[in-house]
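A.B. asks: below are the sequence and a predicted model; questions follow.
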Amino acid sequence: MVSDKREFLCEFIRKNQEDLYRFAYSYVKNREDALDILQESIVKALEAADRLKNTESVKPWMLKIIINEANGIFRKGKRTVKIKDYEKETAVFEYKDDIAEYINKQDMLKNIFELEDKYRIVIILRYYEELKISEIAKTLGIKENTVKTRLYKALGILKRTLGD
């Protein structure tokens, strides 16, 4: 018998599959690794669906599983980073109506992807996944003040890099 939480989780994954892939990709910057991470994360999430305490916090919970799976790849040394891969995958962020805006987005993405992991992940969670500071802290297992500090530092780096 399938639990209500498992059904809820399946529906969440179906509705958010592109966002979950985009998040995994933004974390590892490699299409194949992102797909592997997402597949393994979905399996782990479905196996642990009954342990999901609050269905309202499913997004941070799922993102944490993806982060843990990505970190597993880092620890195992399976990750092969190709900095230029992000150019092939930016169609998700493409704005066809305004070329200038698209170019600016590409510059921003390039700079975000070049940030140190601890800064890049808080930027992505805050501004692309639209999580609250408290949700980011819970997802990453760090204090809220640490999230705020990393966001502040990341934004400072981006500001200096972009010259604005």
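C.D. replies: All right, it came through fine.

A.B. asks: okay, helices next: where are they in the chain?
C.D. replies: Ranges of helices in the chain, per DSSP state H, are 4-28, 31-47, 58-76, 86-89, 99-113, 117-123, 133-140, 144-162.

A.B. asks: between these, which has the poorest average model confidence?
C.D. replies: Within those, confidence is poorest for helix 86-89, with a mean of 44 (mean pLDDT).

A.B. asks: ok, for F8, nearest residue in space, not its chain neighbours?
C.D. replies: If the residues on either side of it in the chain are set aside, F8 comes closest to T55, at 5.4 Å by C-beta to C-beta, 6 or more residues apart in numbering. All C-beta atoms are positioned from the backbone trio N, CA, C, and that covers glycine.

A.B. asks: thought the one you found was touching E11?
C.D. replies: No - using C-beta atoms under 8 Å, T55 makes no contact with E11, being 10.3 Å away.

A.B. asks: ok so, going back, now mean neighbour count too, for the helices of the chain, in TSV please.
C.D. replies: Converted to TSV, those look like this (neighbours: other C-beta atoms under 10 Å):
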stretch	mean neighbour count
helix 4-28	17
helix 31-47	18
helix 58-76	18
helix 86-89	14
helix 99-113	14
helix 117-123	20
helix 133-140	19
helix 144-162	15
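
A.B. asks: so how far is L151 from the residue nearest to T146 when sequence neighbours are not counted?
C.D. replies: For T146, ignoring the flanking residues on the chain, the nearest one in space by C-beta to C-beta, 6+ apart is A137 at 7.2 Å. Distance, A137 to L151, using C-beta to C-beta, to the nearest Å: 11 Å.
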